[in-house]
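> pasting the sequence and the predicted coordinates here, then a few questions.
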Amino acid sequence: MKKIFFTTLLFSLAASPAFAISIDWSGGYRIEYTEIEKPTLGSPTGRKAYGQHLLYLTPTIVPADGFLINARFDLLANDNPAYQNSQMGMFFGDSYTPNNQNGEGASNRQNMGSTPMQVSQVYLTHTDENATFKVGRMPYGFGLGMTHSEGKGMFDHWYDSIDMLSYRFHIGNVYINPMFGQMHQTGAGLANKYQVQMLEMMYDSEDTGSQIGVLFERKNASTTIVATDPTGPAAFYGGNAVSDYSLEQTSFILGREWPTFSFKIEGGFQKGSTGVSVAGSGIPIHINSYGIANEISYHAEESKWKWDLRSGVASGDDPASTDFEGFMFDRNYDVAFLLFNQRLGDPNTDFFRTNLIKDRTTTGFYLAADDETISNATYVSPRITYAWSDKLDLVNTFTYATLMNKFNSTVDMSKDLGIEWDIELVYKPRERVRWVNQVGWLFPGEAWRAGPTNNFSNDSTYGFSSKAAISF
């Protein structure tokens, strides 16, 4: 009833001449199918085949000159605890009352039932000549999206959003944007808050194609939040919460574009404390990590060929130390179809040390969608795009990767993750319509065996994806 009332109110306000409010609607719909033959690289294979779809609406309300109210409503949202507050979309066949719907059982149901609606963004923007003020729950991105991604790509499954106050002022091509946000609060007291302070400084020139920027970011969560978070650092390390969680991150972006060539490089450096001690010793676990992503592109004038090279490194957690050295890229930043995107290898082994942000059960491994990310690895990924026609592109991507640290300091194992070859056929019948068919083959390296003692399987595997999206 609340959703119906809210929607009715919006339309009523828009239709009333007394308020003179205009509402511009935009959004998109996408549908995807993914199949992976052997995610475990062994037996049992853990074969996965699943479909997803999502409809989202992004209204812009203009209540007065210089003011905007933006929102986002995700329809067919996924209420799986592992994917809440994402744009993963609903899996085909999902039902929110699986065993008792209108008195029906799961085997004789006649309809799929209702679906949830997720309000993921609502924020106010005021713009004047030299500044932009924003307040509310808003998306945030920086640079290449290595650490912060707004999730505006047609097939992005994640996004960053913050309850935040932002005041961005600019002079020519330079802008400075101080931001203050809050990620979590369990009560009105100061002891129950997770706060964020950021300062972004950027030089961005469309005329020269130059971009130079830096982001300073500080996060702090109270000891109470550290101790009570069921999936946070305390649960992950098995230790006790002894202090506040604190993190300082410095990120930079450097880029330049010419008519036929461009390059961009983004880096991030983290330092802080998890607020947790090592189980049984009381030694505090500190954070010290880094990540770098590089993108180079060459496209000769009037040529049908385009050449891209992506490379990067993300530090990995060293199991021999008491600190956490793992740097995790944003999950929207993909370089391959399978590697760093889907969970691979032995289900009980966290090769990339990313279980901190994933469902950590073995069952979660078999049921997971693309919730893996780049961490504890170096990679190089050249890509060749051939414009078959104005509406059809053929894309070949080759990715080679190695581990930074072994998942266990006592294991004698290789760090070679292997090579992946992905082929994409991208059909673009309209400007805002995409249909992408993709096949990927992974030829795993010896790292997946985890040494002669474990001797896990590292069989080759392949996957297929077909996905279509339309934005409006």
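Good, I have the coordinates.
> for the stretch 151-300 of the chain, which spans come out with low pLDDT?
Within the stretch 151-300 of the chain, the ranges that satisfy pLDDT under 70 run 189-191, 230-231, 235.
> how about the helices in it?
223-228, 233-237 (DSSP state H, counting those that start in this stretch).
> pull out the buried residues from the shortest one.
Along helix 233-237, the positions that meet the burial threshold by neighbour count (16 or more other Cβ atoms under 10 Å) are 233, 234, 236, 237. Just so you know, the C-beta spots here come from the backbone N, C-alpha and C atoms, and that holds for glycine as well.
> got a list of contacts for that helix?
For helix 233-237, the external contacting residues (Cβ atoms under 8 Å, 6 or more residues apart in numbering) are 226-227, 229, 240-241, 245, 274-276, 278-279, 285, 355-356, 360.
> you'd agree residue 283 is up against residue 322?
Yes. Using Cβ atoms under 8 Å, residue 283 is in contact with residue 322, at 5.0 Å.
> quick check: neighbours shared by the two?
Residues touching both residue 283 and residue 322 by Cβ under 8 Å, 6+ apart: none at all.
> sorry, back to before: mind putting the helices of the stretch 151-300 of the chain into a markdown table with distance to residue 153?
Formatted as a markdown table, the helices of the stretch 151-300 of the chain follow (distance: least, Cβ to Cβ, whole Å):
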| stretch | distance to residue 153 |
| --- | --- |
| helix 223-228 | 31 |
| helix 233-237 | 29 |
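> how about those helices, which one is nearest residue 337?
Counting by Cβ to Cβ, residue 337 lies closest to helix 233-237 out of the helices of the stretch 151-300 of the chain; the figure is 27.9 Å.
> so how far is the closest one from its chain's centroid?
Relative to its chain's centre, helix 233-237 lies at 22 Å (Cα atoms, centre = their mean, to the nearest Å).
> over to stretch 418-427?
With Cα atoms, centre = their mean, you get 20 Å for stretch 418-427.
> other residues contacting it?
By Cβ under 8 Å, 6+ apart, stretch 418-427 touches 336-339, 391-401, 434-445, 447-448, 458.
> which of those residues are buried?
Buried subset of those (neighbour count, 16+ other Cβ under 10 Å): 336-339, 393, 395, 397, 399-401, 434-436, 438, 440-442, 444-445, 447-448, 458.
> the strands in the stretch 301-450 of the chain, which residues?
305-314, 377-387, 392-403, 416-427, 433-444 (DSSP state E, counting those that start in this stretch).
> so what does the last one touch, helix or strand wise?
Looking back up the chat, that one is strand 433-444. Where contact means 3 or more Cβ pairs under 8 Å, 6 or more residues apart in numbering; DSSP states H and E, strand 433-444 is packed against strand 416-427, strand 461-471.
> and the first one, by the same measure?
Strand 305-314 is packed against strand 284-298, strand 377-387, with contacts defined by 3+ Cβ pairs under 8 Å, 6+ apart.
> now those strands in JSON lines, with mean neighbour count and distance to residue 36?
Below are the helices and strands packed on strand 305-314 laid out as JSON lines (neighbours: other Cβ atoms under 10 Å; distance: least, Cβ to Cβ, whole Å):
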{"stretch": "strand 284-298", "mean neighbour count": "19", "distance to residue 36": "25"}
{"stretch": "strand 377-387", "mean neighbour count": "18", "distance to residue 36": "19"}
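> out of these, which is closest to residue 215?
Ranking those by proximity to residue 215 (Cβ to Cβ) places strand 284-298 first, at 13.3 Å.
> by contact count, what packs against that closest one?
strand 261-277, strand 305-314.
> just name the most buried of those strands.
Ranked by mean neighbour count, the helices and strands packed on strand 284-298 are led by strand 261-277 with a mean of 20 (mean count of other Cβ atoms under 10 Å).
> give me the distance from it to the chain's centre.
How far strand 261-277 lies from its chain's middle: 15 Å, per Cα atoms, centre = their mean.
> send me it as PDB with only the CA atoms.
C-alpha atoms of strand 261-277 as PDB (Å, rounded to 0.1, in the frame of the first residue of the first chain):
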ATOM      1  CA  PHE A 261      45.300   7.100 -28.600                       C
ATOM      2  CA  SER A 262      44.400   7.300 -25.000                       C
ATOM      3  CA  PHE A 263      45.600   6.100 -21.600                       C
ATOM      4  CA  LYS A 264      44.400   6.200 -18.100                       C
ATOM      5  CA  ILE A 265      45.900   4.900 -14.800                       C
ATOM      6  CA  GLU A 266      44.200   4.800 -11.400                       C
ATOM      7  CA  GLY A 267      45.800   3.800  -8.200                       C
ATOM      8  CA  GLY A 268      44.600   3.400  -4.600                       C
ATOM      9  CA  PHE A 269      46.600   3.000  -1.300                       C
ATOM     10  CA  GLN A 270      44.900   1.900   1.900                       C
ATOM     11  CA  LYS A 271      46.100   2.100   5.500                       C
ATOM     12  CA  GLY A 272      44.200   1.700   8.800                       C
ATOM     13  CA  SER A 273      42.900  -0.800  11.400                       C
ATOM     14  CA  THR A 274      40.200  -3.500  11.200                       C
ATOM     15  CA  GLY A 275      39.400  -2.900  14.900                       C
ATOM     16  CA  VAL A 276      39.800  -6.600  15.400                       C
ATOM     17  CA  SER A 277      42.600  -8.600  17.200                       C
END
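> that strand packs against which elements?
Right, strand 261-277 is packed against strand 210-221, helix 223-228, helix 233-237, strand 245-257, strand 284-298 by 3+ Cβ pairs under 8 Å, 6+ apart.
> okay, now the sheet partners of the fourth one, with direction.
It refers to strand 245-257. strand 210-221 (antiparallel), strand 261-277 (antiparallel) (DSSP bridges).
> how about a markdown table for those, with distance to residue 82 added?
As requested, these are exported to a markdown table (distance: least, Cβ to Cβ, whole Å):
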| stretch | distance to residue 82 |
| --- | --- |
| strand 210-221 | 21 |
| strand 261-277 | 22 |
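> closest one to residue 50 among those?
strand 261-277 (31.5 Å).
> and the angle from the closest one to strand 305-314?
20 degrees (axes from the mean of the first three to the mean of the last three Cα atoms, to 10 degrees).
> for residue 393, see how far away residue 380 is.
From residue 380 across to residue 393, the span is 22 Å (Cβ to Cβ, to the nearest Å).
> what do you get for residue 194?
Counting by Cβ to Cβ, the separation of residue 194 from residue 393 is 43 Å.
> please apply the same query to residue 52.
For residue 52 relative to residue 393 (Cβ to Cβ), the value is 23 Å.
> what does residue 67 give?
40 Å.
> how many neighbours does residue 120 have?
When neighbours are counted by other Cβ atoms under 10 Å, residue 120 registers 20.
> now it: which helix or strand?
Take DSSP states H and E as the rule and residue 120 turns out to sit in strand 117-127.
> roughly how far out does that strand sit from the chain middle?
19 Å.
> mind exporting the C-alpha coordinates of that strand to CSV?
C-alpha atoms of strand 117-127 as CSV (Å, rounded to 0.1, in the frame of the first residue of the first chain):
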residue,chain,number,x,y,z
MET,A,117,10.8,-2.9,-5.3
GLN,A,118,14.0,-1.4,-4.0
VAL,A,119,14.5,2.4,-3.6
SER,A,120,18.2,2.6,-3.9
GLN,A,121,18.8,6.4,-4.5
VAL,A,122,17.0,9.6,-3.5
TYR,A,123,18.9,12.9,-3.4
LEU,A,124,18.5,16.6,-3.9
THR,A,125,20.7,18.7,-6.2
HIS,A,126,21.0,22.5,-6.3
THR,A,127,23.2,24.1,-9.0
